[in-house]
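1. Using only what follows, build the 3D model:
(chains A and B)
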Amino acid sequence: MTLTAQGVSMAFGGLLALDDVSLTVPERRVVGLIGPNGAGKTTLFNCLTGLYAPTSGLVLLNGRPLPPDPAEAARGGIARTFQNIRLFPELSALDNVLVGRHTRIRQGLLAALLRGPGFRRSEAEAVERARAELAFVGLDPAGRAPAGSLAYGDQRRLEIARALAGDPSVLMLDEPTAGMNATETAAVRELIAAIRERGIAVVVIEHDTKFIFSLCDHVHVLVRGRLLVDGPPEAVRADARVIEAYLGAA
Amino acid sequence: MTSTDTGSTTGVRGPVTRARRSARSVLSVRSVRRVPGAVLVLAGALSPWASVVLPGGAYPDLATLHLFDAPHLVTGFRLHLVLLGLAALLPRAARPAGAGVLIIAFVHTAFLAALGAVSFGGPVALAGGALLVWQGRREPAPRWPLPGRAVVWPALAAAFAGLLWLVSATLTAGGQSRATNPHGGAEFLAFLGFAVALLGILSAYGVLAWLSALAERHRTFSVAVLLGCAMLLPLTGAGTGYWMTVASTIGVYAATAIGLNIVVGLAGLLDLGYVAFLGIGAFTAANLAHTVPFPVAALAGAVAAGLLGVVVGAPTLRVRGDYLAIVTLAFGEIFFRAAQNDLGGLTGGANSIPGIPPITLFGQAFDRPVGALPAGFLYYALTVLMVAGAMAVLANLKHSRTGRAWLAISADEDVARAMGVHTGRAKILAFLVGATLAGLAGAVFAHKLGTVGYESFDFSESVTLLAAVILGGMGTVPGAVVGASLLFVLPEKLREFSDYRLMLFGLALILIMRLRPKGLVSS
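-> The predicted structure follows:
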């Protein structure tokens, strides 16, 4: 499955947040998205997850237009985390992951009321899968603690587990290492590599360029709503325009 | 590091240390501090209370104590004070017991003062209670291991029998009405204080948590025993036609509150016009009462209310939070005014719909006694089953894909969407399920009362239902039942305070929200 943006522009009133941006997220690749503050990274993210309908241009998932509805995008295989952690704090960690599995659980209302064998099997399968995702990101598989009571780094991991539970083909991570120390950042890097091994494409927004360059297969640099450069990390890192955008003209 | 140290220490001389520690906690300086409070409470309980003989006889049971010739005659609230005073000697019980003493003593002292009498025992007991609350220790409750099979059944049966006693005693505390007992309201409030203290002591020793974990593990058995206990209520002191009617009225509101708990507690949709669904069910059943048997009328009421729930839910999908509350408030008002003006000749307007026959199944009218059981027992049994069914709906849906979607929407709607939840559909479903339960309750309500009029469904009823859900504990299964029981029993009990009823009501709300912000039954 590939996710592509073709000439995507997004205008909020008179402000052109994205201007003719095209990019491709191939299968089993980690794609980085960097750029200074206000470059339009999160806007692009929201277009790719169905939250915004682009003013012009197309977002295609496997050649079909992505419906401008986050719920449908999730059903189609796009999962995401949030820049500021947005878990369901009162729900247990396990329930958070089970909500992430929502689109893949088949249960009717009547079945839930009657709790027949079919319902119990589907519930047991969902719980088992949710436990596996908790273990995958390195959290306690029992997941009884309320999500809001977890340590900061664990909350970030839980968000990733919740996103993975929906069997995504593309996982979108919005600043997954924000506020983390070097050890925690390294752990996230390993986690993302393991996610790629599972055959899931990953899109990462980050401010931490070192993190992006050491992790991604392909890096896009967004500046003032336009795609400035894209290519393999080594090429992007050496590009004079990128250095200028970040550090100013020499 | 420290944990392994302590581990090895307790491993070697654990039992000794524990025994020594518990001996110390009973006899230490700290425990001696509890004694003056306890003594004051006992002294207060055994002192005379009223300075004058009150109309209606001695206050409440005995104006003069026969302490020396008949000590067992310490009854009523004095007995409660004595029991709490003794319980306060236990280290963890001092605080809850003290709080209970404060409530009991305050209620009776204030009531006597209002009657123009001076209470002697009251201030003494108040001082003792305050001392206990002040000196009592506040510690996290101990956690007990779950027992083996042999203990489970007797433990749960005993717990539910205790619950049955508490329900029956609370229901009948203070007697039926002002005519039979002029001090009924005060006695009822004081009994609530005693009940709060008992539950507080049990909770301070971790017994409540242990029992609920046990009940959770043996769910089917617990439900069966609980239902059985509920059916035994007619055999207790509450087994008269009057109390059966009160209990079944509470049951109707409890079932309605459970429906509202799905809408508000699970899906987080603030509905201020919810009583309209109870009304739809009631008016539907009332109009069909003479033409079809009760099960059909009940079904029709539930379906009509459910459909209306969808009709109300659909246009409100675009609004959230405060705005949703305003729209539902308007809907409730539209229903109320329509019913008042007898829209379509369906509600009887100001004349209401009289002469609804009682439910009759297999030739047995529900308002007649069956065998030795009091009249109204059948309505009581029916509402018990209805409440149990509504609780099952809430519990089963809560632990399913749908319920988790509701909880997710109520926590963060945008994120729920990003996780693939079709929030619009899920919200309409919540309105549908909640309204259906209310409609069913409405059908029973109509038959039970025999008359349905629009004034039963005004805004204040919606507010009371909402308060029941919030007080009881949003989204919890027993919460709405506890809340509804309390809120619909209080006005019944506090008739003599009718001038101050709303004030007391508000005071209770503030106290509960201050002390238990997540509701009486928090998850």
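
2. any idea which element the residue in the stretch 401-523 of chain B positioned nearest to chain A lies in?
-> Closest residue of the stretch 401-523 of chain B to chain A, C-beta to the nearest C-beta: residue B:420 (3.4 Å). Placement of C-beta: from N, CA and C, glycine included. Assessed by DSSP states H and E, residue B:420 sits outside every helix and strand.

3. So what's the predicted local confidence for it?
-> At residue B:420, the model reports a pLDDT of 93.

4. Within range of chain A, give me the residues from chain B.
-> Residues of chain B found near chain A (C-beta under 8 Å from any C-beta of the partner chain) are B:392-393, B:396-397, B:399-405, B:407-408, B:411-412, B:414-423, B:429, B:433.

5. redo that, cut-off 7 Å
-> Taking C-beta under 7 Å from any C-beta of the partner chain as the contact definition, chain B meets chain A at B:393, B:396-397, B:400-402, B:404-405, B:407-408, B:411-412, B:415, B:417-422, B:429.

6. Okay, and which of those map to helices?
-> Mapping these onto helices (DSSP state H) picks out B:393, B:396-397, B:401-402, B:404-405, B:407-408, B:411, B:415, B:417-418, B:429.

7. in chain B, which helix or strand is least confident?
-> Ranking every helix and strand in chain B by mean pLDDT, DSSP states H and E puts helix B:2-27 at the bottom, with a mean of 46.

8. all helices for chain A, in order.
-> Using DSSP H, helices in chain A cover A:41-48, A:70-76, A:93-100, A:109-114, A:117-136, A:152-164, A:182-197, A:209-215, A:233-238, A:240-247.

9. highest average neighbour count across these?
-> When the helices of chain A are scored by mean count of other C-beta atoms under 10 Å in any protein chain shown, the highest mean neighbour count falls to helix A:93-100 (a mean of 28).

10. could you dump stretch B:356-364 to CSV, C-alpha only?
-> Taking Å, rounded to 0.1, in the frame of the first residue of the first chain, the C-alpha atoms of stretch B:356-364 are listed here in CSV:
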residue,chain,number,x,y,z
ILE,B,356,-55.2,3.4,33.2
PRO,B,357,-55.8,-0.2,34.3
PRO,B,358,-53.2,-2.0,36.4
ILE,B,359,-51.0,-4.5,34.6
THR,B,360,-52.7,-7.9,34.4
LEU,B,361,-50.8,-11.0,33.4
PHE,B,362,-52.3,-14.5,33.6
GLY,B,363,-55.4,-13.2,35.3
GLN,B,364,-53.4,-11.6,38.1
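
11. Need the contact partners of that stretch.
-> B:286, B:289, B:294, B:365-367, B:370, B:446-447, B:450-452 (C-beta atoms under 7 Å, 6 or more residues apart in numbering or on different chains).

12. Make CSV from these and add distance to residue B:303 to it.
-> Compiled in CSV, the contacts of stretch B:356-364 are given as follows (distance: C-beta to C-beta, whole Å):
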residue, distance to residue B:303
B:286, 15
B:289, 16
B:294, 15
B:365, 25
B:366, 22
B:367, 26
B:370, 30
B:446, 15
B:447, 17
B:450, 23
B:451, 23
B:452, 18
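
13. Adding distance to residue B:321, neighbour count and secondary structure, write those residues out as CSV.
-> Below are the contacts of stretch B:356-364 laid out as CSV (distance: C-beta to C-beta, whole Å; neighbours: other C-beta atoms under 10 Å in any protein chain shown; DSSP: H, G, I helix; E, B strand; the rest coil):
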residue, distance to residue B:321, neighbour count, secondary structure
B:286, 35, 29, helix
B:289, 40, 22, coil
B:294, 40, 20, helix
B:365, 47, 13, strand
B:366, 42, 23, coil
B:367, 44, 17, coil
B:370, 49, 14, coil
B:446, 34, 30, helix
B:447, 37, 24, helix
B:450, 40, 15, coil
B:451, 38, 14, coil
B:452, 33, 28, strand
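
14. Out of these, which is nearest to residue B:253?
-> Distance ranking of the contacts of stretch B:356-364 against residue B:253, using C-beta to C-beta, places residue B:446 first at 14.0 Å.

15. Let's see the pLDDT reported for the closest one.
-> pLDDT, residue B:446: 92.

16. Does the residue of the stretch 401-523 of chain B closest to chain A touch residue A:76 like I think?
-> No. Residue B:420 lies out of contact with residue A:76 (C-beta atoms under 7 Å); the separation is 9.2 Å.

17. who touches both of those two?
-> With contacts taken as C-beta under 7 Å, 6+ apart, residue B:420 and residue A:76 have no neighbour in common.

18. Could I get the average pLDDT for stretch A:78-97?
-> In this model, stretch A:78-97 carries a mean pLDDT of 93.

19. starting at the chain centroid, how far to the helix or strand of chain A with the lowest mean pLDDT?
-> None of the helices or strands of chain A scores lower by mean pLDDT, DSSP H and E than helix A:240-247, at a mean of 81. A distance of 26 Å separates the centroid of the chain from that of helix A:240-247, by C-alpha atoms, centre = their mean, to the nearest Å.

20. Can I get it in PDB, CA atoms only?
-> Output of helix A:240-247 as PDB, limited to C-alpha atoms (Å, rounded to 0.1, in the frame of the first residue of the first chain):
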ATOM      1  CA  ALA A 240      22.800  24.000   1.000                       C
ATOM      2  CA  ARG A 241      19.200  25.200   0.800                       C
ATOM      3  CA  VAL A 242      18.200  23.100   3.800                       C
ATOM      4  CA  ILE A 243      21.100  24.500   5.800                       C
ATOM      5  CA  GLU A 244      20.000  28.000   4.800                       C
ATOM      6  CA  ALA A 245      16.400  27.300   5.800                       C
ATOM      7  CA  TYR A 246      17.400  26.200   9.200                       C
ATOM      8  CA  LEU A 247      20.300  28.400  10.000                       C
END
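
21. Apart from its neighbours in sequence, what residue is nearest residue B:330?
-> Leaving aside its sequence neighbours, residue B:330 sits nearest to residue B:273 (C-beta to C-beta, 6 or more residues apart in numbering or on different chains; 7.2 Å).

22. if I pick that neighbour, what's in contact with it?
-> B:328-329, B:331-333, B:335, B:462.

23. again, but for residue B:45
-> Contacts of residue B:45 (C-beta under 7 Å, 6+ apart): B:78, B:81-82, B:85, B:121, B:125.

24. domain parsing for the chain?
-> Just going to use chain A. Listed by automatic domain parsing, the domain ranges of chain A are A:1-77+A:168-250, A:90-167.

25. The chain in question should be chain B.
-> As given by automatic domain parsing, the domain ranges for chain B are B:23-142+B:183-212, B:239-488.

26. deepest of those domains, which one?
-> Sorting the domains of chain B by mean neighbours (by mean count of other C-beta under 10 Å), the first place falls to domain B:239-488, with a mean of 21.

27. and the end-to-end length of that domain?
-> End-to-end distance for domain B:239-488: 19 Å, by C-alpha to C-alpha, to the nearest Å.

28. Just list the residues touching residue B:458, thanks.
-> Contact analysis of residue B:458 by C-beta under 7 Å, 6+ apart lists residue B:336.

29. now it: how far from residue A:127?
-> 45 Å (C-beta to C-beta, to the nearest Å).

30. The closest residue to residue B:236 other than its chain neighbours: neighbouring residues, count only.
-> Distances taken as C-beta to C-beta, 6+ apart place residue B:168 nearest to residue B:236, at 3.9 Å, with adjacent residues excluded. Neighbour count for residue B:168, taken as other C-beta atoms under 10 Å in any protein chain shown: 20.

31. residues contacting residue B:168?
-> Residue B:168 makes contact with B:233, B:236-238, according to C-beta under 7 Å, 6+ apart.
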